[in-house]
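Participant: here is the input, now give the coordinates:
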Amino acid sequence: MIQMHLESDAIFGNGMSIPGGEDIGVRTDAHGFPYMKGSTLKGLFRKELINYLNWEQKSLEEIKETVQRLAGERGNDDIYNPRKLIFSDLTFHPDLQESVLAEDISRQELQNIFTYLRTFTGLEDGLAKDGSLRMARCIKKGLNFYGTCCCDQKDEALVCSVLSMIKWAGSMRNRGFGKIEMKVGKADE
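Facilitator: The predicted structure follows:
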């Protein structure tokens, strides 16, 4: 089980923009709840795994073998690799989703509960640059997202260590967005 706590506002981009509106949108499910794709988490895991193995002073061959075994090759879902990690999407807790949906609120109201629009502009000599106004939809800090990672018992300690190393997620991390804390535990805890 994985819990991701947002220590700052975050942007889990959906790759879409709305002309005259949001330049960066947030990925949402069918009801409008923001979430992070499991494949995005897997990419963050891959990067931190490489950093961790380098820090452990593993050889280049050991790093390649471990990354291939746990994360597979980019763009290649090797279903025949029994030790390959499988990440679920990170979503709000099902109880929270159920209670919010029971309130019978609109998708727009739901969006306003968990996200907000933030504007940015570039500056030149203390003045706003022409054409530099941007709007991004941000997920509010303090929220928790939950998901799972299926792994072989032999890899459990390594996976937990690497997941806990992930400190930033989403877009605009260089501007302070997406600071996270990852907590990992067994499904029965």
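Participant: drop to CA atoms for contacts and neighbour counts, all remaining ones
Facilitator: Fine.
Participant: look up how far K42 lies from E56.
Facilitator: 20 Å (CA to CA, to the nearest Å).
Participant: looking at these two, which is more packed in?
Facilitator: Per other CA atoms under 10 Å, whichever of E56 and K42 has more neighbours is K42, with 21 against 10.
Participant: just checking, what's the longest helix in this protein?
Facilitator: Looking across the chain with DSSP state H, the single longest helix is helix 38-55.
Participant: on contacts alone, who are the packing partners of that one?
Facilitator: helix 60-71, strand 86-87, helix 156-165 (3 or more CA pairs under 8 Å, 6 or more residues apart in numbering; DSSP states H and E).
Participant: between that helix and helix 60-71, how big is the angle?
Facilitator: 160 degrees (axes from the mean of the first three to the mean of the last three CA atoms, to 10 degrees).
Participant: show me how far helix 38-55 is from its chain's centre.
Facilitator: 12 Å (CA atoms, centre = their mean, to the nearest Å).
Participant: what comes up buried for it?
Facilitator: 38, 40-42, 44-46, 48-50, 52-53 (16 or more other CA atoms under 10 Å).
Participant: can you redo those residues as JSON lines with distance to S99?
Facilitator: Converted to JSON lines, those look like this (distance: CA to CA, whole Å):
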{"residue": "G38", "distance to S99": "24"}
{"residue": "T40", "distance to S99": "27"}
{"residue": "L41", "distance to S99": "26"}
{"residue": "K42", "distance to S99": "29"}
{"residue": "L44", "distance to S99": "31"}
{"residue": "F45", "distance to S99": "31"}
{"residue": "R46", "distance to S99": "35"}
{"residue": "E48", "distance to S99": "35"}
{"residue": "L49", "distance to S99": "37"}
{"residue": "I50", "distance to S99": "40"}
{"residue": "Y52", "distance to S99": "39"}
{"residue": "L53", "distance to S99": "42"}
